[in-house]
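Participant: kindly return the folded structure for what I paste below:
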Amino acid sequence: MKDLIYDIETYPNVFSITFMNTTNGKIKVFEMSEFRNDWDAFKKFAMNCSNGFARWVGFNNYYFDYPVIHFMMQNFKQGKTDGKKLAKAAYDKAQRLIKCSKDEKFSQIIWDNNQLVQQVDLFRIHHFDNPSRSTSLKVLEFNMRSDRVEDLPFDYTKPVSEKQKEILIEYNIHDVRETYKFYKLSADMIAFREKLTAKYDKNFLNHNDTKIGKDYFIMELEKAGIKCYTFGEEGRKPVQTKRDKIRIRDVIFPYIEFERPEFNEVLKWLKRQEITETKGVFTEIEDLGGLEQYANLKKVKGKVKNLNCIVDGFQFDFGTGGIHGSVEATVVTEDEKHAILDYDVTSLYPRVGIVNEAFPKHLTKKFCPIYNRLFEDRMEYPKGTPENAMLKLALNGVYGDSNNPYSPFYDPQYTMTITMNGQLMLCMLAEQMMKIEGLQLIQINTDGVTVRVPRDRIDDVEAINAAWMKTTMLTLERADYKAMFIRDVNNYIGQYTDGELKRKGAYEYEIDWHQNHSSLVIQKAVEAHLIHNKPVEESILDHDDIFDFMLRIKVPKNSRLEWGGDEIQNTTRYFMSTDGKPMVKIMPPLPKQVKEDPNAPERYFRQHVRGKNDQWGVTPMNTMGHVENIDHEWYILEAKKLIDPLYSGLLDGMMA
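Facilitator: Residues are numbered from 1 along each chain as shown. Have a look, this model is predicted:
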């Protein structure tokens with residue numbers, strides 16, 4: 001079976017469908033317009049594909065491209081409709097899909113068993129249909145470092161001329177080629193899904209990673225006779241346990257106990273709480289009770305910002321998703337007398353549920369041995385194998401979906417059981433570690449702690465860990481740091497003793513496709529300075545990868561972007577330049593402003609403000625060419641913004 005990359009364009013008078021053969025790179029364009037009608041040829045081509053000749057690979061084709069084509073195939077026969085009418089019908093269908101609500105869009109999907117041609121959707125595989133990961137093909141063109149970053153050339157609500165149509169077709173071909181580029185970069189993910197599909201006789205092809213794990217777990221539950229769905233007139237519905245309220249005291253394990261008054265007051269406060277939501281409920285707190293004497297009382301809108309306590313100067317922040325705390329603006333180093341040790345709990349959230357026999361109520365106690373078996377099965381497969389990867393996804397996906405109201409794992413009390421006890425267990429560990437003379441707590445996060453400890457007291461730390469593991473039945477894994485460069489809990493670089501690096505937040509540059517790949521020369525120069533003591537000026541001036549200097553801006557369709565007063569495309573690649581012009585983002589007035597004044601002016605946002613009446617100059621580079629006059633000063637200053645805060649809060653004796 002061949003893979004054909006495809007993409008469609010819909011305008012009021014032009015409907016084009018472009019395919020690229022991944023075997024030989026050949027392009028085939030079908031045009032239905034007032035100028036030409038390839039409908040008969042397309043239908044014949046599609047029928048050949050449906051007979052097993054090919055599958056169609058696209059980007060967001062599950063939600064957009066294929067539903068349009070399927071609608072047209074079902075409603076327009078060969079030889080009976082002119083091209084202009086076909087184009088208008090496709091355009092109208094496309095607009096309905098674009099404008100419909102999330103629930104309506106879901107109902108418009110043509111599922112696998114009803115597709116005329118098998119679909120592969122890179123958008124779904126990479127989980128870009130999650131709002132927090134939403135990524136357009138234009139953004140990917142920037143992140144993939146394509147020669148061209150090309151936006152839609154004309155207003156899609158208006159008909160195009162014959163000359164414009166030719167440009168539109170070229171744009172359609174460009175998008176197909178860019179999709180092919182991303183297809184090649186996704187080859188391992190597709191192969192993994194193909195292996196799972198063949199092994200388990202279930203179509204995993206368009207599943208994101210999390211859904212792979214959840215569906216596999218559901219398969220195992222159903223094998224054990226646990227009903228995950230009911231079927232009726234309204235279709236399939238997940239079996240769930242819904243809660244009107246959750247009493248936190250009901251979910252805390254009996255062996256959770258503390259010696260320090262700070263932690264005991266946190267525990268007392270939590271046990272008084274009854275919640276009806278599971279997100280954001282421990283923020284903006286009105287009454288901390290006895291905990292107030294041990295907490296940071298910083299307020300937002302007259303309320304304490306979040307549930308916290310301060311122990312020996314270290315702040316622990318609690319939440320429904322986990323615990324966080326870190327020293328800030330600090331460089332921490334090992335030396336002859338001190339080590340930096342990081343302890344992570346192996347599969348914390350799955351294991352908390354497994355060893356304590358916690359389970360979503362409707363899935364019964366049978367859930368626990370199945371969950372445990374999946375954990376043990378994973379240990380039998382080497383890392384890097386499809387089985388190991390899939391079982392890891394199954395273990396981690398289940399906990400997250402216990403708080404998903406559309407999932408058969410849904411039981412928010414199970415979610416709270418895991419998160420509340422997980423963070424309190426880590427506090428028990430930290431409390432005992434902090435008794436050790438000379439030990440300093442560096443970080444505590446969702447699944448572990450990091451400490452700086454005298455080397456002659458490491459055995460004491462290990463003894464505490466052993467006792468904690470016996471109590472909690474969880475396992476700690478150790479890693480040793482050489483140094484940590486910490487801005488805050490979410491932004492730091494950690495250098496392990498073997499030289500490997502852990503980068504977080506603002507210091508990352510090996511990042512996911514949905515993240516912003518702008519000006520990565522900055523992070524690379526910062527790392528070279530922190531790890532190798534290389535001046536940032538030298539790194540940036542000597543850097544020879546021009547793409548690392550590029551930035552990306554994307555504005556919504558209802559807005560526009562101006563460079564030096566001229567409008568440019570809404571998704572633009574550019575670099576900071578000494579002879580550049582200022583860039584401005586122009587957005588419509590807010591609904592509130594329009595309500596107060598129907599003639600409210602547009603909103604102007606100057607980009608890269610240099611001073612009160614000054615901006616840095618930029619030069620667009622949507623088509624890569626020779627780059628001159630890079631304004632290295634801007635990149636150097638931005639790098640120093642990531643370095644300078646690290647040295648403002650040094651802990652005594654920690655700086656090498």
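Participant: from now on I want contacts and neighbour counts done on CA atoms only, so please keep to that.
Facilitator: Noted.
Participant: any idea which residue is closest to the centre of the protein?
Facilitator: The chain has R133 as the residue nearest its centroid, 4.5 Å off, counting by C-alpha atoms, centre = their mean.
Participant: parallel or antiparallel, which strands does the strand or helix carrying R55 pair with?
Facilitator: Here R55 sits within strand 54-58, counting by DSSP states H and E. Applying DSSP bridges to the sheet, strand 54-58 is found paired with strand 2-11 (parallel), strand 119-121 (parallel).
Participant: other SSEs contacting the helix or strand just after the first one?
Facilitator: Downstream of strand 2-11, the next assigned helix or strand under DSSP H and E is strand 14-21. Applying 3 or more C-alpha pairs under 8 Å, 6 or more residues apart in numbering; DSSP states H and E, we find strand 14-21 packed against strand 2-11, strand 27-33, helix 83-99, helix 162-185.
Participant: now strand 14-21: how far from the chain's centre is it?
Facilitator: How far strand 14-21 lies from its chain's middle: 30 Å, per C-alpha atoms, centre = their mean, to the nearest Å.
Participant: how about it: buried residues?
Facilitator: Residues of strand 14-21 classed as buried by neighbour count (16 or more other C-alpha atoms under 10 Å): 14-21.
Participant: tell me what angle it forms with strand 54-58.
Facilitator: 120 degrees (axes from the mean of the first three to the mean of the last three C-alpha atoms, to 10 degrees).
Participant: list the helices and strands the strand with the most length in the chain packs on?
Facilitator: Longest strand of the chain, by residue count under DSSP state E: strand 476-488. Using 3+ C-alpha pairs under 8 Å, 6+ apart as the contact test, the elements touching strand 476-488 are strand 330-333, strand 338-345, strand 491-496.
Participant: which of these is buried the deepest?
Facilitator: Ranked by mean neighbour count under mean count of other C-alpha atoms under 10 Å, the helices and strands packed on strand 476-488 are led by strand 330-333, which reaches a mean of 23.
Participant: please, which helix or strand holds the residue lying closest to L561 once chain neighbours are set aside?
Facilitator: What sits nearest to L561 in space, not counting adjacent residues and going by C-alpha to C-alpha, 6 or more residues apart in numbering, is K585, at 4.8 Å. Here K585, judged by DSSP H and E, is contained in strand 583-587.
Participant: any idea which helix or strand comes after that strand?
Facilitator: helix 591-596.
Participant: what's the first helix or strand after that next one?
Facilitator: Following helix 591-596 toward the C-terminus (DSSP H and E): strand 603-606.
Participant: tell me which other helices or strands the helix or strand just after that next one touches.
Facilitator: The C-terminal neighbour of strand 603-606 among helices and strands, as given by DSSP H and E, is strand 609-611. Contacting strand 609-611 under the criterion 3+ C-alpha pairs under 8 Å, 6+ apart is no other helix or strand.
Participant: ok, strand 609-611: who's next to it in the sheet?
Facilitator: strand 614-615 (antiparallel).
Participant: give the buried residues for the helix or strand that the strand it pairs with is followed by.
Facilitator: Later in the chain than strand 614-615, the nearest helix or strand by DSSP H and E is strand 618-620. If you call a residue buried by 16+ other C-alpha under 10 Å, then strand 618-620 has these buried ones: 618-620.
Participant: quick one: mean pLDDT for the helix or strand just after strand 618-620?
Facilitator: The first helix or strand that comes after strand 618-620 along the chain, using DSSP H and E, is helix 632-643. Averaging pLDDT along helix 632-643 yields 97.
Participant: how far off centre is helix 632-643?
Facilitator: With C-alpha atoms, centre = their mean, you get 26 Å for helix 632-643.
Participant: still on that earlier bit, who touches the strand holding R55?
Facilitator: 1-7, 49, 65, 117-123, 179 (C-alpha atoms under 8 Å, 6 or more residues apart in numbering).
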